[in-house]
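Q: this is a predicted model, with the sequence first.
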Amino acid sequence: MIGIGLVAFLTGLFAMGDGGVVAWGAFLVGVIYTLGISQGGVLFSIIQTGTWGRWGRPLKRIAETFGFFLPVAWLLLVVFLLFGLK
């Protein structure tokens with residue numbers, strides 16, 4: 001799946017003839033969506049911990065795993081800020 005996405009992104013950058021506007025736009029939407037989901041999971045986990053919520057322990061553990069992707073998402077955002085649409 002990553003390979004298909006990479007091929008589609010590179011096709012959008014070099015073969016579409018629009019200078020990569022659509023490809024970088026789709027990249028930015030994906031990164032911002034992923035950052036929102038990851039930060040929402042971490043926030044849910046923080047709220048569960050701060051309120052001593054016992055009902056959501058299984059959900060809290062799932063939400064905590066979203067935090068592991070945050071550094072990757074921030075790195076992808078930096079890639080967009082450095083190389084995207086100049």
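A: Ah, there it is.
Q: for Gly25, grab the count of nearby residues.
A: 14 (other Cβ atoms under 10 Å). Just so you know, the C-beta spots here come from the backbone N, C-alpha and C atoms, and that holds for glycine as well.
Q: which of the helices or strands spans it?
A: helix 21-50 (DSSP states H and E).
Q: pLDDT of that helix, averaged?
A: Rounded to a whole number, the mean pLDDT of helix 21-50 is 91.
Q: can you list the buried residues in it?
A: The neighbour-count check on helix 21-50 (16 or more other Cβ atoms under 10 Å) flags 23-24, 27-28, 31, 34-35, 38, 41-42, 44-45, 48 as buried.
Q: and the closest residue in space to Leu77 that isn't next to it in sequence, how far is that from Leu75?
A: The shortest distance from Leu77 to any residue other than its chain neighbours is 5.3 Å, reached at Val31 (Cβ to Cβ, 6 or more residues apart in numbering). Distance from Val31 to Leu75, counting by Cβ to Cβ, to the nearest Å: 10 Å.
Q: same check, this time on Leu82
A: 11 Å.
Q: now for these two: what residues contact both?
A: Common neighbours of Leu82 and Leu75, counting by Cβ atoms under 8 Å, 6 or more residues apart in numbering, are absent.
Q: what's the next secondary structure element after the helix holding Gly25?
A: Under the assignment DSSP H and E, the closest C-terminal helix or strand after helix 21-50 is helix 57-66.
Q: alright, that wraps it up for me.
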